[in-house]
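# A structural model of the following input is requested.
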Amino acid sequence: MTIRRKAIRNLLPVACLLLFWGGTCRFSMRDVSIPPEVKTVRVSYIENRARYINPLLSPRLSEKLRQKIVNQTRLSQTNGEAHYEISGTVTDYSVSTSGIADRQASMNNLNVTVSIIFRNRLDEKKNFETAITRNFPFPSGQSLQQAEAQLNDQMVNNLADEIFNRIFSNW
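Numbers count the residues shown, from 1 in each chain. Okay, here's the model as predicted:
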């Protein structure tokens, strides 16, 4: 038997063990930074007060954030008094040029800013307000409506993830 075959034969059980162990090991951030006394959350409708209004963004972002919190934490959604209260406003929704080729715009950015207000009714020191800005590039040959149609899911998912992480992650 050659050295190469011996090495493969000896490493095969180790590789299988690592595959098995790696496939069963899970890392979860579920409730990483939620104190045990916090039980409820209220996510208010994220209003759109930008100069240009994408009519799909606010309702979809509000709902996506609600779903993410309910699915990834132990908190119960409520419409009344809650331990955590989250509200927000879309304050910017604009297009800017991000790339130029041959003296013409080659890429544009759809810029979206959401101002978030987080209230912790059990610990007022944890309250904060923050603005989250994300840029979504698209080819300059596309109209804004074409870019929105293509980028809507990405915008909603990225913004909801960022808001969730700012509220529930300690890092």
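
# list the helices and strands the longest helix seen in the chain packs on?
Among the segments of the chain that qualify as a helix by DSSP state H, the longest is helix 144-168. Counting contacts by 3 or more C-beta pairs under 8 Å, 6 or more residues apart in numbering; DSSP states H and E, helix 144-168 packs against helix 57-72, strand 84-101, strand 104-120, strand 128-139. The way it works is simple: take the backbone N, C-alpha and C, and place the C-beta from them, glycine included.

# adding mean pLDDT, mean neighbour count and distance to Asp153, write those out as JSON lines.
Converted to JSON lines, the helices and strands packed on helix 144-168 look like this (pLDDT from 0 to 100; neighbours: other C-beta atoms under 10 Å; distance: least, C-beta to C-beta, whole Å):
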{"stretch": "helix 57-72", "mean pLDDT": "97", "mean neighbour count": "18", "distance to Asp153": "9"}
{"stretch": "strand 84-101", "mean pLDDT": "90", "mean neighbour count": "16", "distance to Asp153": "16"}
{"stretch": "strand 104-120", "mean pLDDT": "90", "mean neighbour count": "17", "distance to Asp153": "13"}
{"stretch": "strand 128-139", "mean pLDDT": "96", "mean neighbour count": "14", "distance to Asp153": "11"}
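
# and the ones you listed: which comes nearest Ala50?
strand 84-101 (3.8 Å; C-beta to C-beta).

# parallel or antiparallel, list what pairs with that closest one.
strand 40-43 (parallel), strand 47-48 (parallel), strand 104-120 (antiparallel) (DSSP bridges).

# please name the nearest non-neighbouring residue to Arg60.
Val156 (4.8 Å; C-beta to C-beta, 6 or more residues apart in numbering).

# how about the contacts made by that neighbour?
57, 60-61, 64 (C-beta atoms under 8 Å, 6 or more residues apart in numbering).

# got the buried residues for the longest helix of the chain?
Within helix 144-168, the residues that count as buried by 16 or more other C-beta atoms under 10 Å are 147-148, 151, 155-156, 159-160, 162-164, 167-168.

# can you redo the helices and strands packed on helix 144-168 as CSV with distance to Arg49?
Below are the helices and strands packed on helix 144-168 laid out as CSV (distance: least, C-beta to C-beta, whole Å):
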stretch, distance to Arg49
helix 57-72, 10
strand 84-101, 5
strand 104-120, 9
strand 128-139, 13
